[in-house]
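Asks: Build me a structure from this.
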Amino acid sequence: MGLIKEFLAMVSFMWVFGCSCASGLLEHQFYRNSCGAAEMIVKEEVKTSVLTDPSTAAALLRLAFHDCQVDGCDASILLGEPNSLPMELKSDKNFGIRKMGIIDMIKTSLEQHCPQTVSCADIIQLAAREAIYLSGGPYIQVLTGRRDSVSARAHTLGRTHCRNIIDRLQPRTDPTLSPVFSLLLKTVCSNPYLSDITFAQNDATVFVFDNRYFLDIQDGRGLLKIDSEVARDPRTRPYVVMFGRDMMRFFDLFTSGFLRLSSSKVLVGEEGEIRKDCRFRNK
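Replies: Numbers count the residues shown, from 1 in each chain. Now for the predicted structure:
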């Protein structure tokens, strides 16, 4: 069963395409002396949220991915102005990002224990780590020590908004979709006025982190266009087949990809800041 979205495949295949990483500047348990309970606080907050709403896991992983894809993992995705949407969330590519309130709750708790010590950027990545593990995925030894940006740059888990797939259904059905699956999607996404709020399941095991996604896209059940492309592209198809057959191999390479992505172009040392409130720059 699998909480796997298109971005899961992207992270898993990162090593094929490469990235600019700064893992040497981060370290395990960066806060062991300054805020020893930091990772446990994140763990307990995420655990409570996932038990209350299993879709939280997908939301937190998606948040981590989208934060990193815009100039590195620096919590810039959370920045905004008072009474407005965070700047990066105004981008169509970040449509559907949610559960940011969990990051706020974690930050509030951490500020009570260790004021202005743990960065929002680290909270996002640690929360994603816990979300993956609580959903049945691998436990990733996430490196910490990131700092927060002072400016915003303008699926394995979960569900996809119909607005993101409607072009695969209308005016003609994408031939790479299986007939049964395309009929299901047309039923779910039939009302154009609901396309911004209606969801379709990305895989048959929506609340569990596993390799089902790779089996589904081989059978023509890829929800997004990139799903079909990953399954058919000769550069990536061998990995789709391999991951479908061997879940532990998928876990190993996903862990490697996640660590590389989460260490990409991070702010460290005296760069950036440690925000008091994840939504706003320090004054």
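Asks: Would you mind listing where the stretch 1-150 of the chain has pLDDT under the threshold?
Replies: Low-confidence segments of the stretch 1-150 of the chain (pLDDT under 70): 1-24, 70, 81-98.
Asks: Over to the stretch 151-283 of the chain?
Replies: 153-171, 176-207, 222-226.
Asks: Break this protein down into its structural domains.
Replies: Domain ranges of the chain: 6-156+251-262, 159-247, per automatic domain parsing.
Asks: Strands of the stretch 51-200 of the chain, residue ranges please.
Replies: 159-161, 199-201 (DSSP state E, counting those that start in this stretch).
Asks: tell me what the helix or strand that the last one is followed by is packed against?
Replies: Which is strand 199-201. As assigned by DSSP states H and E, the chain's next helix or strand after strand 199-201 is helix 212-218. In terms of contacts (3 or more Cβ pairs under 8 Å, 6 or more residues apart in numbering; DSSP states H and E), helix 212-218 is packed against helix 6-12, helix 225-232, helix 237-245. Heads up, the C-betas are built off the backbone N, CA and C, glycines and all.
Asks: The nearest residue to residue 68 once chain neighbours are set aside: how many residues sit nearby?
Replies: Residue nearest to residue 68 in three dimensions, not counting chain neighbours: residue 261, with 5.3 Å by Cβ to Cβ, 6 or more residues apart in numbering. Residues lying near residue 261 (other Cβ atoms under 10 Å) number 22.
Asks: Repeat that for the one 5 residues further on.
Replies: Residue 266 is flanked by 27 other residues according to other Cβ under 10 Å.
Asks: measure it to residue 144 for me?
Replies: 10 Å (Cβ to Cβ, to the nearest Å).
Asks: Spell out which residues are contacts of both of those two.
Replies: Contact criterion Cβ atoms under 8 Å, 6 or more residues apart in numbering; residues shared by residue 266 and residue 144: residue 26.
Asks: Can you list the residue ranges for helices in this structure?
Replies: For the chain, the helices defined by DSSP state H cover 6-12, 14-17, 38-52, 56-69, 100-113, 120-134, 179-188, 212-218, 225-232, 237-245, 247-262.
Asks: Minimum distance to residue 32: which of those helices has it?
Replies: helix 38-52 (8.6 Å; Cβ to Cβ).
Asks: Just list what the closest one packs against, helices and strands only.
Replies: Using 3+ Cβ pairs under 8 Å, 6+ apart, helix 38-52 sits against helix 56-69, helix 100-113, helix 120-134.
Asks: Using TSV, lay out those together with mean neighbour count and distance to residue 173.
Replies: TSV is the format used below for those (neighbours: other Cβ atoms under 10 Å; distance: least, Cβ to Cβ, whole Å):
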stretch	mean neighbour count	distance to residue 173
helix 56-69	26	26
helix 100-113	18	35
helix 120-134	27	33
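Asks: could those helices go into CSV alongside distance to residue 282?
Replies: Output for the helices and strands packed on helix 38-52, formatted as CSV (distance: least, Cβ to Cβ, whole Å):
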stretch, distance to residue 282
helix 56-69, 19
helix 100-113, 12
helix 120-134, 11
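Asks: of those, which approaches residue 80 most closely?
Replies: helix 100-113 (10.0 Å).
Asks: Which neighbouring elements make contact with the closest one?
Replies: helix 38-52, helix 56-69, helix 120-134.
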